[in-house]
Structures are given as C-alpha cells and as structure tokens.
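*Asks:* 3D model of this:
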Amino acid sequence: AMNNLGALLFEAGRTGEAETWWRKAANAGNTAAMNNLGNLLREAGRTGEAEEWLRRAADAGYTAAMNNLGVLLEEAGRAGEAEQWFRRAREAEE
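*Replies:* Numbers count the residues shown, from 1 in each chain. As a prediction, this is how the structure comes out:
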C-alpha cells in the first residue's frame with residue numbers, strides 16, 4: 001500500500017510526498033518501492049543514493065531495478081558495470 005500511495009502521489013506531481021512513502025516501503029523491504037525511489041532520486045540528480053536503492057532491489061532479484069541500475073551506471077560512464085546489470089536483467093527474464 002505504501003508503494004502504491006507513493007506512485008499515486010508521484011503521478012499527482014507530489015514528488016516529496018512520494019519519496020517519503022517510497023522510502024518507508026523500501027525500508028520495509030519492498031523491492032518495487034526501492035526501484036521507484038531509486039528512479040526518483042536519479043531524476044533528482046541524487047545518483048549516489050539512487051545507486052544504493054537500485055542496487056538493493058537488483059541484488060534482491062528485482063529485474064526492473066537491474067535494468068535501471070544499468071542505465072544509471074551507463075550514464076555515470078561505468079559501461080562495464082552497466083553491461084553486467086543489463087545482462088543479469090536479460091537472463092532473469094528468460
């Protein structure tokens with residue numbers, strides 16, 4: 001429910017409130033919320049924190065986070081690491 005509330009708030013343009021709810025859900029172990037929070041932080045330019053949340057979700061097996069972590073790493077010029085995450089995401093989908 002916390003993740004869904006965060007999504008609803010994000011869609012309404014209330015990103016600060018969305019971050020609060022996604023953070024609560026992520027801290028409770030919700031991998032979708034970790035991914036959403038990571039994406040929000042990445043878009044806000046808070047890439048270090050974004051990487052931490054995306055990595056936690058990716059390490060837990062959340063495929064979308066694997067891909068999003070790859071995007072973040074590619075944008076940071078870390079192509080080798082990005083490739084590894086893109087490959088893991090592809091393999092997880094098979």
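
*Asks:* okay, CA-based contacts and neighbour counts for the rest of this
*Replies:* Noted.

*Asks:* biggest helix in this protein by residues?
*Replies:* Criterion DSSP state H: the longest helix present in the chain is helix 79-93.

*Asks:* For that one, list the C-alpha coordinates in PDB.
*Replies:* In PDB, the C-alpha atoms belonging to helix 79-93 read as follows (Å, rounded to 0.1, in the frame of the first residue of the first chain):
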ATOM      1  CA  ALA A  79      29.800   0.900 -19.100                       C
ATOM      2  CA  GLY A  80      31.400  -2.300 -17.900                       C
ATOM      3  CA  GLU A  81      29.300  -2.400 -14.800                       C
ATOM      4  CA  ALA A  82      26.200  -1.300 -16.700                       C
ATOM      5  CA  GLU A  83      26.700  -4.200 -19.100                       C
ATOM      6  CA  GLN A  84      26.800  -6.700 -16.300                       C
ATOM      7  CA  TRP A  85      23.500  -5.500 -14.900                       C
ATOM      8  CA  PHE A  86      21.900  -5.400 -18.400                       C
ATOM      9  CA  ARG A  87      23.000  -9.000 -18.900                       C
ATOM     10  CA  ARG A  88      21.600 -10.100 -15.500                       C
ATOM     11  CA  ALA A  89      18.300  -8.400 -16.200                       C
ATOM     12  CA  ARG A  90      18.100 -10.200 -19.600                       C
ATOM     13  CA  GLU A  91      19.000 -13.500 -18.000                       C
ATOM     14  CA  ALA A  92      16.400 -13.000 -15.300                       C
ATOM     15  CA  GLU A  93      13.700 -12.500 -17.900                       C
END
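
*Asks:* What mean pLDDT does it get?
*Replies:* For helix 79-93, mean pLDDT is 96.

*Asks:* Other residues contacting that helix?
*Replies:* Residues from elsewhere that reach helix 79-93 (C-alpha atoms under 8 Å, 6 or more residues apart in numbering): 63, 64, 66, 67, 69, 70, 71, 72, 73, 74.

*Asks:* Could you pull up the residues touching the residue nearest in space to the middle of the chain?
*Replies:* With distances taken as C-alpha atoms, centre = their mean, the residue of the chain nearest its centroid is residue 35 (2.5 Å). Residue 35 makes contacts with 53, 54, 57, 64, 65, 68, as judged by C-alpha under 8 Å, 6+ apart.

*Asks:* how close does residue 47 get to residue 74?
*Replies:* 12 Å (C-alpha to C-alpha, to the nearest Å).
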